[in-house]
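Student: My questions concern the predicted model and sequence given below.
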Amino acid sequence: MPRIFYLLTVYALLVLHNTSLSSSLDVSDSDLLAKAEIYLYSYPDSAIFYLESYFQSSKENPQLARAYALMGKAFDIQSKYDSALYYYNLGVSLTSVSNLPEFYAQNLKGQGDVLLALGRMSSAQEKFTIALSCFDSLGLEDMAAGVYASMGFLFQRSNDLKKAKECYDQALSRRNTTDYSLLISLATWYGRMNMPDSALFIYERVLNDPGLMSNPVLLARVYNNGAIIHDQLGNHDKVIQYSQKAIANNRQLGNLSSLGVVYQNLTQYHFLRGDYERSRVCLDSGYYYAKKVGDLNVFIKLLGIDVEFEKLNNDYRRAEAMMEYYDYLKDSLHNLRQESLVHELNIQYETASNKQKIAELELEQKNVALSLARANNQRNIFISGFVLLIGVAGFLYYRYDTKKKTSDILAVKNNQISVSLAERETLLKEIHHRVKNNLQVISSLLNLQAETLEDDAAISAVRQGQNRVKSMALIHQRLYSTDDVRGVDIQDYLESLCAELFNAFGVNRDSIEFVVETHGLKMDIDTVIPMGLIINELVTNCIKYAFPNDRGGQIQIQVYQEGEVLRAKVSDNGVGISEVDLSKLNSFGWKMVHILAMKVKGTISVKNQNGTVVELVMKRFKLVS
């Protein structure tokens, strides 16, 4: 019975809503614009409906440019930037500095906001500068404050945080009333400045205003950005609560692009906390929205996390295939951004050239009669409109062609992945016989690559990768060089690993020695691989940082079982180093150590006792008798 009552209530509300929309066709043009403004920030789809009705009934009047600005804003709220830019361009084409300057500046400011969202910073700044000049000349302080807020966000995205703060201060000084959109932008600035408490204070102040509950645009921004701040502060319950509310508000707005970003943040959040089940659910949702709107940037970030899932599942072949796909898409995104930058520079050059030609024509027109000047002006207006139309058509075609190429690339890669999965069962039968040789080939290739590099940091990164590959190759070498392939003799394996690392780094064995004590333990491959990679990283750190200035010493490795846990300890009698310094010196390697420790349900501890002692305690392991 309650379910039937609920369905009847929903049906009645829908009928009333449709009736109210239909009645809009009988109201005046000014009423249509007023209704569009009412629904703009809560139900942009309804605002679009009223504006389309207005366009059907209105041909040419001073309010048409205002309607185009509202339509552009509605699509901007939904992150439909192509449509938003189209209507803002129409609004600019109907106005000028001398003809309806207020609406001219509003549409220019809208163009700047869309160009900023698309990453075209220079073009956006040019639009903002012209709009600001118009609003200042008209004495519209509130409008000028809005432009300063957008410029602040532009400088913030460009990492010029000092200029960003100056613009935000200008915007605050010009506002006669509280501007929550500006406050939210200021809160993001505090977040960038690593001042989460100040950012959170602003978000809570905004949420305490009851009138804001009817504005899902601002609520979506507050909850999305607030979730990030609570994550920094370790307020885990708040992260989930804010993210869910951000999802609800973005769904109401129909903003699929922002939904993809929220799910991307949640995917990474749950993954880093080890909640892989929830992370996988959010990953699938993020993929859906990224594909829906063609957001390649979000798709790439989600794919990077998906690769880590496959590594955790020990499906290294699939992880490698997905990593190749990830690298390919990153290169494609870089190329698209480079093409966009070149396109923007060409537009700037053409704009400057056109301005110079117009200035020359204006200088010549001073000596022409008023009748000829009027005719020339009409001709110039016609040419400008034609050029604008061609530019819009060219831009729309460019966007269509780019999306089509991206879709084709995704289709080809998806097909390749499907074929690879179909072959998986067959390849698994041969993988154990080939993995050792493959790892040796990879190691050789990394060695060749290192010899062609000149940058020391790049060479070091490649050498470290080569050492990690060698550490896994040694495991398979031990498996296939003995009769018992069930497990690996840890003593023999670790001694060979240390010898390889000493040779790779050119360590003088007379000044630095290593001692391995494993008490005759043998382990299966699922335990040896993560433990071997961790010990590889720890011994590498000892070699690189424990004995500076040709200092001598000893590196000791101990592996032993203690009750229900297995302990692996790497110690040195060098200069000593803290866990914080270790993470700074080798950020990637230290992160990898912690991820691998999670695989064996292990914990890492670092102590300074006449050097550095790093201990790995594993709860998930398998010994071979």
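Tutor: On my side now, so go ahead.
Student: Could you pull up the residues touching Val307?
Tutor: 319, 322-323, 326 (Cβ atoms under 8 Å, 6 or more residues apart in numbering). C-beta here means a position set from N, CA and C on the backbone, and glycine is covered the same way.
Student: just checking, which of the residues you listed belong to helices?
Tutor: Here DSSP state H is the test, and the contacts of Val307 give 319, 322-323, 326 as lying in helices.
Student: Just the buried ones from these?
Tutor: By neighbour count, with 16 or more other Cβ atoms under 10 Å, the ones in helices among the contacts of Val307 hold 319, 322-323, 326 as buried.
Student: quick one: the strands in this structure?
Tutor: Assigned by DSSP state E, the strands in the chain fall at 488-489, 512-517, 522-523, 553-562, 565-572, 602-608, 612-618.
Student: now for those strands, which one comes closest to Leu212?
Tutor: Comparison of those against Leu212 by Cβ to Cβ identifies strand 602-608 as nearest, at 44.3 Å.
Student: Give the pairing partners of that closest one; include direction for each.
Tutor: Strand 602-608 sits in its sheet next to strand 612-618 (antiparallel), going by DSSP bridges.
Student: Touching the partner strand from outside, list them.
Tutor: Here strand 612-618 has contacts from 527, 531, 534, 538, 542, 546, 565-572, 574, 576-577, 597, 600-607, using Cβ under 8 Å, 6+ apart.
Student: Distance check, the closest residue to Ser158 other than its chain neighbours against Ser83.
Tutor: Spatial nearest neighbour of Ser158, excluding adjacent residues (Cβ to Cβ, 6 or more residues apart in numbering): Met121 at 5.9 Å. Shown here: Met121 relative to Ser83, a distance of 22 Å by Cβ to Cβ, to the nearest Å.
Student: cool, and Gly385?
Tutor: 20 Å.
Student: More neighbours: which of the two?
Tutor: Ranked by neighbour count (other Cβ atoms under 10 Å), Gly385 and Ser83 place Ser83 first, with 17 against 12.
Student: And the pLDDT for that one?
Tutor: With respect to pLDDT, Ser83 scores 91.
Student: Pretty sure it sits against Ile77.
Tutor: No. Ser83 lies out of contact with Ile77 (Cβ atoms under 8 Å); the separation is 11.2 Å.
Student: Run a quick neighbour tally on the closest residue to Met151 other than its chain neighbours.
Tutor: Counting by Cβ to Cβ, 6+ apart, Met151 lies nearest to Cys167, which is 4.6 Å off, once chain neighbours are set aside. Neighbours of Cys167 under the rule other Cβ under 10 Å: 24.
Student: residue contacts, Leu283?
Tutor: 263, 267, 302, 305-306, 309.
Student: Columns neighbour count on top of those, output as a markdown table?
Tutor: Formatted as a markdown table, these follow (neighbours: other Cβ atoms under 10 Å):
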| residue | neighbour count |
| --- | --- |
| Tyr263 | 25 |
| Thr267 | 26 |
| Leu302 | 24 |
| Ile305 | 19 |
| Asp306 | 23 |
| Phe309 | 18 |
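Student: Of those residues, which is the nearest to Gln156?
Tutor: For the contacts of Leu283, the nearest to Gln156 is Tyr263 (23.9 Å; Cβ to Cβ).
Student: How about the contacts made by the nearest residue to that closest one once chain neighbours are set aside?
Tutor: Distances taken as Cβ to Cβ, 6+ apart put Gly286 closest to Tyr263, at 3.6 Å, once the chain neighbours are dropped. Neighbour list for Gly286: 260, 263-264, 266-267, 298, 302 [criterion: Cβ under 8 Å, 6+ apart].
Student: Quick check: the two most widely separated of the residues you listed?
Tutor: Greatest spatial distance among the contacts of Gly286 (Cβ to Cβ): Leu266 and Val298, at 12.1 Å.
Student: domain ranges for this structure?
Tutor: 1-138, 425-618 (automatic domain parsing).
Student: export those domains to TSV and tack on distance to Asp160?
Tutor: Listed next are those as TSV, based on distance: least, Cβ to Cβ, whole Å:
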stretch	distance to Asp160
domain 1-138	10
domain 425-618	26
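Student: Out of those, which is closest to Leu182?
Tutor: domain 1-138 (13.6 Å).
Student: Quick check on Arg620: phi, psi?
Tutor: Per-residue torsions, Arg620: phi -110, psi 110 (degrees, to the nearest 10).
Student: Number of residues surrounding the residue lying closest to Glu102 once chain neighbours are set aside?
Tutor: Leaving aside its sequence neighbours, Glu102 sits nearest to Leu138 (Cβ to Cβ, 6+ apart; 6.1 Å). Other residues near Leu138 come to 13 when the count uses other Cβ under 10 Å.
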